[in-house]
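Peer 1: Dropping a prediction and its sequence here:
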Amino acid sequence: MELAQLAAFAAAYFAIIVLPGPAVTALVARVLARGGQGAPALIAGCVLGSLTWLMVAATGLALIAASFQPLFVAIRYAGAAYLLYLAWKFWRAEPRMLAAGEAPAEGAGRLFLTGLAINLGNPKAVAFYLAVLPSVVDLGGLTGAGLAELAVTTALVASSVLSGYAILAARARARLATPERLKLLSKLSSLVMAATAIRIVTR
């Protein structure tokens, strides 16, 4: 793939993902509430969701994906439901700083699937890969090597942006590390998660 095309894709994708959407808000809220231990799993799920839509668009499966719209709606609702569950859990939990190496209450597998569901059901991701992508990349002339380059670029941009948000959220949480502030932060994070879930369902 020509470097100009790859750069145009990277710039367009960065511009889309850097704007806070459901994935970013869910990630930030989760890190603020419980710390960064589960962030990698959530980020990995989001990245896999992006890669899935890339493959759908690049291999000409857009029409097939449209036929399975009810499936993607169900996935979106499942992701929203789990975010609501986490919001309820964080609202009731007594916030505390996790000790080094201590695992968060939510399993990595669940967080991974939540990130995957959020991105598979994210209208912004759908619009980018099925509408914007063909305008910056010649999908008709795309080779296997070109697709691999797009996949690597997608993974690098998505993981970098989301990791940046997670790091900033973790630093903000560390500065608020008193019981009273953490309690307030947990409540606010649960409200943000609930709002994100509602946004996912209603879009």
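Peer 2: That came through, no problem.

Peer 1: only C-alpha atoms for contact and neighbour calcs from this point on.
Peer 2: Fine.

Peer 1: tell me which helix or strand of this protein sits lowest on mean pLDDT?
Peer 2: helix 62-67 (a mean of 54; mean pLDDT, DSSP states H and E).

Peer 1: can you tell me the helix or strand for residue 134?
Peer 2: Using DSSP states H and E, residue 134 sits within helix 133-136.

Peer 1: Which strands and helices lie in contact with the helix or strand just after that helix?
Peer 2: Where DSSP H and E defines the elements, the next helix or strand beyond helix 133-136 is helix 144-175. Counting contacts by 3 or more C-alpha pairs under 8 Å, 6 or more residues apart in numbering; DSSP states H and E, helix 144-175 packs against helix 3-17, helix 22-34, helix 39-58.

Peer 1: helices and strands around the longest one, which ones?
Peer 2: Counting contacts by 3+ C-alpha pairs under 8 Å, 6+ apart, helix 39-58 packs against helix 22-34, helix 108-120, helix 123-127, helix 144-175.

Peer 1: Nearest to residue 134, out of these?
Peer 2: With respect to residue 134, and counting by C-alpha to C-alpha, the nearest of the helices and strands packed on helix 39-58 is helix 123-127 at 10.8 Å.

Peer 1: Just the buried residues of the closest one, please?
Peer 2: Neighbour-count burial for helix 123-127 flags 125, 126 (criterion: 16 or more other C-alpha atoms under 10 Å).

Peer 1: Also stretch 132-144?
Peer 2: 133, 136, 137, 139.

Peer 1: nearest spatial neighbour of the first one, skipping sequence neighbours?
Peer 2: This means residue 133. Leaving aside its chain neighbours, residue 133 sits nearest to residue 9 (7.2 Å; criterion: C-alpha to C-alpha, 6 or more residues apart in numbering).

Peer 1: How many neighbouring residues does that neighbour have?
Peer 2: 21 (other C-alpha atoms under 10 Å).

Peer 1: ok, now residue 166?
Peer 2: 24.

Peer 1: quick one: contacts for the nearest residue to it once chain neighbours are set aside?
Peer 2: Excluding the flanking residues, the one nearest residue 166 by C-alpha to C-alpha, 6+ apart is residue 28, at 5.9 Å. For residue 28, the contacting residues are 165, 166, 169, by C-alpha atoms under 8 Å, 6 or more residues apart in numbering.
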